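Peer 1: sequence and predicted structure are below.
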Amino acid sequence: MNDTFAQVLGRLPSGLQVLSARSPMGSETGMLASWVQQAAFDPPAVTVAVNRKRYLADWLTAGVPVALSLLGETQKKLLGHFGKGFEPGEPAFAGLETMQTPSGLTVLADCLGWLEGQVAGELDAGDHQVALVQLTAASVGPRHADERPWVHLRKNGLNY
């Protein structure tokens, strides 16, 4: 790829969220997700892209529950916490104030809001897997009215 692709792709804005997921075996983890986009109105749905190097990508199969905690622009400490990733079995939410969604997934208590749903389908996107998530529940968080969403721009659109 050439430098023009890197420059232009890096300027595609994306929000930052924390993706929570439960494996088919019942394990749970979380990761920083920046490639999330609304995909449908009725039923409401989003797409989430996850790098195939993350073990969580293997969990994103039809029927698996997932949740997204939407981050505000002042929640920079969470970038370091979730950006590094977690080993299997390592507690992703240790030391953070959390709550449970209706299906029992962990979300951040101090966020703009959260969305919950189930994976309805997957798409191979090269080094990433894209999951279509049909949404089933949502809640407005304590930062929703007073804080803007954290919008992320990259200098280079060909890597993180």
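Peer 2: Received the coordinates, thanks. Residues are numbered from 1 along each chain as shown.

Peer 1: where are the low-confidence patches of the protein?
Peer 2: 1 (pLDDT under 70).

Peer 1: what about the strands in this structure?
Peer 2: Ranges of strands within the chain are 14-15, 17-22, 28-33, 36-40, 45-51, 65-70, 98-100, 106-108, 113-125, 128-140, 151-152, based on DSSP state E.

Peer 1: distance from the chain centre to stretch 47-67, please.
Peer 2: Distance of stretch 47-67 from its chain centroid, counting by Cα atoms, centre = their mean, to the nearest Å, is 9 Å.

Peer 1: now the terminal residues of it, how far apart.
Peer 2: Using Cα to Cα, to the nearest Å, the end-to-end distance of stretch 47-67 comes to 12 Å.

Peer 1: which residues belonging to it are considered buried?
Peer 2: Buried residues in stretch 47-67, counted by 16 or more other Cβ atoms under 10 Å: 47-50, 54-57, 59-60, 64-67. In short, each C-beta sits where N, CA and C put it, glycine included.
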